[in-house]
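Quick one: sequence and predicted model below, then my questions.
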Amino acid sequence: MLDNFTLPSFVQVIEFLGTFAFAISGIRLASGKEFDWFGAYVVGVATAVGGGTLRDIMLGTTPFWMTDSIYLLCSALALICVILFSKFLIRLDHTFFIFDAIGLALFTVVGIQKTLDFDFPLWVAIIMGTITGAAGGVIRDVFINEIPLIFRKEIYAMACAIGGIVYGIALSLDLNIIVVHLMCGVSVFLTRILAVKYHICLPTLKNHENN
Amino acid sequence: MLDNFTLPSFVQVIEFLGTFAFAISGIRLASGKEFDWFGAYVVGVATAVGGGTLRDIMLGTTPFWMTDSIYLLCSALALICVILFSKFLIRLDHTFFIFDAIGLALFTVVGIQKTLDFDFPLWVAIIMGTITGAAGGVIRDVFINEIPLIFRKEIYAMACAIGGIVYGIALSLDLNIIVVHLMCGVSVFLTRILAVKYHICLPTLKNHENN
Amino acid sequence: MLDNFTLPSFVQVIEFLGTFAFAISGIRLASGKEFDWFGAYVVGVATAVGGGTLRDIMLGTTPFWMTDSIYLLCSALALICVILFSKFLIRLDHTFFIFDAIGLALFTVVGIQKTLDFDFPLWVAIIMGTITGAAGGVIRDVFINEIPLIFRKEIYAMACAIGGIVYGIALSLDLNIIVVHLMCGVSVFLTRILAVKYHICLPTLKNHENN
């Protein structure tokens, strides 16, 4: 998700973990629907790169994963792990949840930064950051024919939006861009972790109709 | 949906009403699936801007809503209305149906005109007009995990196609472009209104197979 | 699917048959869900041109069907055939299966070639060939609200990937491009035919979880 940026390699490690965690989530949900290895791989890839692909198409640029094979290789590694260690993975649920939250935070920062680099206003960048982080999960749920989880469960995409607002505030304070990125990422991460820990959900719409 | 056109402001009012009606339809269907506020907003936005976004991506241009925040604000207003007045809205069903038909007509005209401005032939423009008007509803139904309504119910997308043909005929008669737009829009609107009033449906395919 | 290539007309015949077979498959599945004629047509078109459209959007070029109306006309012909001869078509299942496999092979070759023409590396081209051949079926299944068939049944998209690898090997041997195309197409076709004949499926992921 880092495209052509030159960023320190610790970000690349985080990015790899995030991609891996997103792919794992897609592959495991696909396994619940008895997908074959290929189908599970497609769902894993779509979960990991779907949001960034949608962002890049709307920005009018080449989808990031077409310029570096690491994302598809990382998803392939996730598939192999699920095939070999699926029983064992359940015990690692907490670890993957942390990876997933880290990935969400990083993807949001990358999405916002890339959109600003294309000279779009901040509000578009916040939406693109949210799409980068959360749209992969929506595509995953469409593929497995379920109502998208993020539309109903604990705060997820909203964490990206909050991170985006923090990004905007930090930017307006003229802080160093590394600090801006960190503040955005940490706020996404903490929002997500706290939302799950305390089961913080957005209010649900009441249904007064029978449509 | 009007992008960079300079058009009289009464069109902007109609456009606002159309966007609002489309967003309301998405948000209300989402409420039937117990989506949270964020999920309902996403569905509302997708219904309102999804068709035009798909059109712009295929035309190779920046999605229209990324250049003007009014569309997302209009959808947010629709969300607030559903949250505050959901019981009351049912009584307004007829009003929203009219707004929706007006929006459908306007979106069709805008989609056709924009495609012709990009130098595509008329048949592509008619398809793009139909996509602008009707694809948002398909995306909405995919998100709420239902079979798209427009594939089975009263004439909807077909009204856009009919409007497109009227557009082509009016254009070939060398009429003033405002008249062409009006004839196209009115024919979409009337087709839709009459289809619902008299329950005019297209024939259904018979199923002789068990696939 | 051949875009602006100048290719011998026997390829155009194959292409027409492939588009026709893909559209038929979409329309027949839509008929199983009682779609109306318009809905069935949309599903047929999406099945036939959806994969190539997604490829062209990611390549940053105009979707191929917007430059030549033959694809939509071919899908309209498929609709008419299903309306008039739906009972009779069941007896032709085997013929359509062969057409479909031919279409899959041709679409894969076209997708790979076009991607290479845009100066992408071979691995991107293989993915684009697979998307050209198989993504239409995924969009079809999303529209009819079913879990995509190709994620669970006999080898389908994997046949495209195998054809892509054969393409790469043949290319590295410096063979004539016509021979490369033929070897790729034949390997997709044979893989698909043999997979169905002998019910060759990829392994399914075991579900050790209750998500």
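Good, I have the coordinates. The model shown is predicted, which means the values in this text are computed figures rather than measured ones.

And the helices in chain A?
A:9-31, A:37-59, A:70-89, A:93-117, A:122-143, A:157-172, A:177-197 (DSSP state H).

Make JSON lines out of these and add mean pLDDT, distance to B:Leu54 and mean neighbour count.
From N, CA and C alone the C-beta is placed, and that goes for glycine too. Shown next, in JSON lines, are these (pLDDT from 0 to 100; distance: least, Cβ to Cβ, whole Å; neighbours: other Cβ atoms under 10 Å in any protein chain shown):
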{"stretch": "helix A:9-31", "mean pLDDT": "84", "distance to B:Leu54": "24", "mean neighbour count": "22"}
{"stretch": "helix A:37-59", "mean pLDDT": "94", "distance to B:Leu54": "10", "mean neighbour count": "26"}
{"stretch": "helix A:70-89", "mean pLDDT": "90", "distance to B:Leu54": "25", "mean neighbour count": "17"}
{"stretch": "helix A:93-117", "mean pLDDT": "89", "distance to B:Leu54": "20", "mean neighbour count": "22"}
{"stretch": "helix A:122-143", "mean pLDDT": "93", "distance to B:Leu54": "15", "mean neighbour count": "25"}
{"stretch": "helix A:157-172", "mean pLDDT": "94", "distance to B:Leu54": "21", "mean neighbour count": "21"}
{"stretch": "helix A:177-197", "mean pLDDT": "93", "distance to B:Leu54": "29", "mean neighbour count": "18"}
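
so which of those gets nearest C:Val142?
helix A:122-143 (6.0 Å; Cβ to Cβ).

In contact with A:Gly39: list those residues for me.
A:30, C:148, C:150-152 (Cβ atoms under 8 Å, 6 or more residues apart in numbering or on different chains).

State the distance from it to A:Leu17.
According to Cβ to Cβ, to the nearest Å, A:Gly39 stands 24 Å off from A:Leu17.

count of neighbours near the closest residue to chain B within chain A?
Nearest residue of chain A to chain B (Cβ to the nearest Cβ) works out as A:Phe151 at 2.6 Å. Look at A:Phe151: counted by other Cβ atoms under 10 Å in any protein chain shown, it has 26 neighbours.

With adjacent residues omitted, what lies nearest to A:Ser25?
Leaving aside its sequence neighbours, A:Ser25 sits nearest to A:Thr47 (Cβ to Cβ, 6 or more residues apart in numbering or on different chains; 5.9 Å).

And that neighbour, how far from A:Ser31?
Relative to A:Ser31, and taking Cβ to Cβ, A:Thr47 is found at 13 Å.

cool, A:Ala170 as well?
40 Å.

Kindly report the same for A:Thr19.
19 Å.

Equivalent analysis for A:Gly185, please.
A:Gly185 is 30 Å from A:Ser31, by Cβ to Cβ.

need the contact list for the residue nearest to A:Ser25.
Contacts of A:Thr47 (Cβ under 8 Å, 6+ apart): A:22-23, A:25-26, A:136-137, A:139-140.

which bits of chain A sit near chain B?
Within reach of chain B by Cβ under 8 Å from any Cβ of the partner chain, chain A has these residues: A:57-58, A:60, A:120, A:123-124, A:127, A:138, A:142, A:145-148, A:150-152, A:155, A:157-158, A:201-211.

Inside strands: which ones of these?
For the residues of chain A next to chain B, not one is inside strands, with DSSP state E as the criterion.

give me every residue that touches the residue nearest the centre of chain A.
The centroid of chain A falls nearest to A:Gly133 when counting by Cα atoms, centre = their mean (3.1 Å). Applying Cβ under 8 Å, 6+ apart to A:Gly133 gives the contacts A:51, A:103-105, A:107-108, A:111, A:157, A:159-160, A:188.

got those as a markdown table, with distance to B:Val180 columns?
Converted to a markdown table, the contacts of A:Gly133 look like this (distance: Cβ to Cβ, whole Å):
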| residue | distance to B:Val180 |
| --- | --- |
| A:Gly51 | 40 |
| A:Gly103 | 50 |
| A:Leu104 | 48 |
| A:Ala105 | 51 |
| A:Phe107 | 45 |
| A:Thr108 | 45 |
| A:Gly111 | 41 |
| A:Ala157 | 41 |
| A:Ala159 | 48 |
| A:Cys160 | 43 |
| A:Val188 | 49 |
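
residue contacts, A:Ile98?
A:Ile193.

nope, A:Met66 is what I was after
Contacts of A:Met66 by Cβ under 8 Å, 6+ apart are C:58, C:120, C:124.

And it, what's its pLDDT?
The model reports A:Met66 with a pLDDT of 95.

Quick one: end-to-end distance for stretch A:149-160.
16 Å (Cα to Cα, to the nearest Å).

just to revisit the earlier point, closest to A:Leu77 among the contacts of A:Thr47?
Distances from A:Leu77 to these, taken by Cβ to Cβ, are shortest for A:Ala23, at 8.1 Å.

And the residue of chain A that's closest to chain C?
A:Gly39 (2.6 Å).

can you tell me how far that residue sits from C:Gly137?
Taken as Cβ to Cβ, the span from A:Gly39 to C:Gly137 is 12 Å.

list residues touching both of these two?
In contact with both A:Gly39 and C:Gly137: C:148, C:150, using Cβ under 8 Å, 6+ apart.

check contacts around A:Gly164.
Neighbours of A:Gly164 in contact, by Cβ under 8 Å, 6+ apart: A:108, A:112, A:122, A:125-127, A:129-130, A:184.

how about a cut-off of 10 Å?
Applying Cβ atoms under 10 Å, 6 or more residues apart in numbering or on different chains to A:Gly164 gives the contacts A:108-109, A:111-112, A:115, A:122-123, A:125-130, A:133, A:184, A:187-188.
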